[in-house]
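1. Provide a 3D model corresponding to the input given below.
(chains A and B)
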Protein chains: 2
Amino acid sequence: MTARSYDAQSLKTAIAESAGLVDAALDAMLPQPSGRQARVQEAMRYAIQAGGKRLRPFLVLQSARLFGVPDARALCVGAAIEALHTYSLVHDDLPCMDDDDLRRGRPTTHIAFDEMTAVLAGDALLTIAFEFLAGAQTHANAEVRSALVLRLAQASGHVGMIGGQIIDMLADESFGIADVIGLQGKKTGQLFQFSCEAGPILGEASAEDRARLKAYAEEMGVVFQITDDLLDVTSTAEKTGKAVGKDAEMGKQTLVTLLGIEGARAEALRRAQAAVDALGPHAARAPQLAALPFYLLDRDS
Amino acid sequence: MTARSYDAQSLKTAIAESAGLVDAALDAMLPQPSGRQARVQEAMRYAIQAGGKRLRPFLVLQSARLFGVPDARALCVGAAIEALHTYSLVHDDLPCMDDDDLRRGRPTTHIAFDEMTAVLAGDALLTIAFEFLAGAQTHANAEVRSALVLRLAQASGHVGMIGGQIIDMLADESFGIADVIGLQGKKTGQLFQFSCEAGPILGEASAEDRARLKAYAEEMGVVFQITDDLLDVTSTAEKTGKAVGKDAEMGKQTLVTLLGIEGARAEALRRAQAAVDALGPHAARAPQLAALPFYLLDRDS
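-> Purely as a prediction, here's the structure:
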């Protein structure tokens, strides 16, 4: 099996354009630091401004366009998912969790501010994600807004992302392939699923279409995680902007430690194809979504 | 000015009955620990089961009944506000914040479990609060569910409760009466306001009625805070189940340090009367809400 050909430059441009739109939306929607609570608002902005590819909002925008949803509405959801993702990074970096001093080449929030401010800024980013979703500008139909709130709360809660995080913290060397896929499906997969389902939810599409985008996200999420774990083994801190080699150091099982580098790459390629297949009739109308899993296979940061 | 007479026994019974309903709702709505994420679900339940008077859900139930809202719907909101309040206690107790080992006579969550689990259990309680509000069982009208999500996110976010928390952590001896009222209005007042506004929101009542309940909550919140600060000075750890005398020890300004014990009591009494006045025509139909501020004045725990 060889990697499918795709237009890497076109996808890179689309991701960058999307990130620009998302950054502008976040800048407009996040509070300007003011008054005595300015410190926590500054920390919220500091954490968000670490940047990154804004992959989750990209998925929201692309899946929304597939169902005719205006960017202005999708960006509200994109801002929400990025705020929520950022809170998870701020809390994961805390000394009582991963204890990371560096993220994307910058001091983490509890280093740049302090631990108390990082806990509160994370709490505030989590909270504002739901404020963004429930706001009237997200959709005229309150059923849609409520559905988004409910879906994000489930995806990010005790059986979703937070569940995955605690399993990850307690994981040991006995974890096999199914265990690792299960934990990563919660820890990182659920937010990808929310991002891809946001399009059909916003577009009030059929349950069948929603299931297609969810299945795409499930496969794409595994590709993302495998390539992330490959980078931990093969890349440098300079390129990824964070500490590498941590998985091995902590004795953490990943699909790379379990399948080997080549085996993991082959699995990722198989999953990338499965992601495109899951899109069904939409694959041809969503070239960026179809290209993304293969692009992830080639990434070096 | 002397304290208004009220039926203390009837109010005590009503609070206890409400707490029973809320505890049953929380037990049914919170996840049963299962699977590999059981630890975080156990910590969520542990934190909630610390108990207390369940004052915020009591306000939700009472304000909801005033507008003909069935208890079953109000209890969904009551469970949400209690989950959110509990998350704030779990995070406030962390070593990087108040560093408390004891709450309501039991080890705090990070002592009973560990710091990582406490951070995640707090995050999960915050998240599930929005899941509860957005669920179909909260109200048939999605506009109502969205309005509750939006209001709770604002009340508990960077300009609400979290804003109040950071101001409190940074407060110094220069704080005057207006500063203290402002910070406490955010830190504890906003959740009381949400709880009292929940009734008219659920009942789709007029903006005027919503404003009345909000004004009641503002005044009642100050009474609560003054009596809480009085207890810190006058009570014992045995009665309150938490460390006392902490305000003085930390050089923290409160209305008690600023006005003296008698001055603070007089202010609380004035506010209690203002709370009842704010209810306007509803005061007679809501005897428990009308009695509550005076009951708080008499509390010893």
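2. can you give me the helices in the stretch 1-150 of chain A?
-> A:8-29, A:38-48, A:55-66, A:71-92, A:109-112, A:115-134, A:142-156 (DSSP state H, counting those that start in this stretch).
3. what's in contact with the last one?
-> Helix A:142-156 has contacts (Cβ atoms under 8 Å, 6 or more residues apart in numbering or on different chains) with A:77, A:80-81, A:84, A:88, A:126, A:129-130, A:133-135, A:138-139, A:160-162, A:190-191, A:193-194, A:197-198, A:201-202, A:204, B:127-128, B:130-131, B:133-135, B:141-143, B:145-146, B:149. For every residue, glycine as well, the C-beta is placed using N, CA and C.
4. same check, this time on the shortest one
-> Defining contact as Cβ under 8 Å, 6+ apart, one finds that helix A:109-112 is touched by A:43, A:46-47, A:90, A:93-95, A:101, A:106, A:117-119, A:121-122.
5. now pLDDT and distance to B:Ala290 too, for the residues you listed, in CSV please.
-> Listed next are these as CSV, based on pLDDT from 0 to 100; distance: Cβ to Cβ, whole Å:
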residue, pLDDT, distance to B:Ala290
A:Ala43, 98, 42
A:Tyr46, 98, 46
A:Ala47, 98, 45
A:Val90, 98, 44
A:Asp93, 97, 49
A:Leu94, 98, 45
A:Pro95, 97, 48
A:Asp101, 96, 55
A:Arg106, 96, 54
A:Thr117, 98, 41
A:Ala118, 98, 43
A:Val119, 98, 38
A:Ala121, 98, 40
A:Gly122, 98, 40
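6. ok, and which of these reach chain B?
-> Counting by Cβ under 8 Å from any Cβ of the partner chain, A:Leu94, A:Thr117, A:Val119, A:Gly122 from these sit close to chain B.
7. what is the burial count for the first one?
-> Summarising burial for A:Leu94: neighbours were counted as other Cβ atoms under 10 Å in any protein chain shown, giving 22.
8. give me phi/psi at it?
-> Torsion angles at A:Leu94 (phi, psi; degrees, to the nearest 10) stand at phi -60, psi 150.
9. need the contact list for it.
-> A:His110, A:Glu115, A:Ala118, A:Val119, B:Val119.
10. neighbours of the nearest residue to the fourth one once chain neighbours are set aside, how many?
-> When the adjacent residues along the chain are set aside, A:Val119 lies closest to B:His91, with 5.8 Å between them (Cβ to Cβ, 6 or more residues apart in numbering or on different chains). Here the neighbour count serves as a burial measure; for B:His91 (other Cβ under 10 Å) it reads 27.
11. got a list of what B:His91 touches?
-> B:His91 makes contacts with A:Val119, A:Leu120, A:Asp123, B:Met97, B:Ala118, B:Val119, B:Gly122, as judged by Cβ under 8 Å, 6+ apart.
12. the fifth one and B:Ala43 touch, don't they?
-> Which is B:Ala118. Yes. Here B:Ala118 reaches B:Ala43: they are 6.7 Å apart, a contact under Cβ atoms under 8 Å.
13. so for the two, which sits in the more crowded spot?
-> Each of B:Ala118 and B:Ala43 has its neighbours counted (other Cβ under 10 Å); B:Ala43 has more, 28 against 25.
14. wouldn't that one be in contact with B:Val119 here?
-> No. Counting by Cβ under 8 Å, B:Val119 is not a contact partner of B:Ala43; they are 9.9 Å apart.
15. and A:Ala16, how close does it get to B:Pro95?
-> 41 Å (Cβ to Cβ, to the nearest Å).
16. of those two, which one has the most company?
-> Neighbour count, other Cβ under 10 Å: between A:Ala16 and B:Pro95, B:Pro95 has more, with 17 against 12.
17. which ones are touching that one?
-> B:Pro95 neighbours (Cβ under 8 Å, 6+ apart): B:His110, B:Glu115.
18. what about 7 Å?
-> B:Glu115 (Cβ atoms under 7 Å, 6 or more residues apart in numbering or on different chains).
19. in chain A, where is pLDDT below threshold?
-> For chain A, the stretches with pLDDT under 70 are A:1-4, A:236-249.
20. let's see it at 90
-> Counting by pLDDT under 90, chain A has low-confidence residues at A:1-7, A:50-52, A:104, A:172-173, A:232-252, A:298-301.
21. max-length helix in it?
-> helix A:207-234 (DSSP state H).
22. how far is that one from where the chain is centred?
-> 10 Å (Cα atoms, centre = their mean, to the nearest Å).
23. list the buried residues of that helix.
-> A:209-210, A:212-232 (16 or more other Cβ atoms under 10 Å in any protein chain shown).
24. what residues does the stretch 51-200 of chain A put near chain B?
-> Counting by Cβ under 7 Å from any Cβ of the partner chain, the stretch 51-200 of chain A comes close to chain B at A:91, A:94, A:96-97, A:115-117, A:119-120, A:123-124, A:126-128, A:130-131, A:134-135, A:142-143, A:145-146, A:149-150, A:153-154, A:156-159, A:162-163, A:165-167, A:169-170.
25. among these, name the buried ones.
-> A:91, A:94, A:96-97, A:115-117, A:119-120, A:123-124, A:126-128, A:130-131, A:134-135, A:142-143, A:145-146, A:149-150, A:153-154, A:156-159, A:162-163, A:165-167, A:169.
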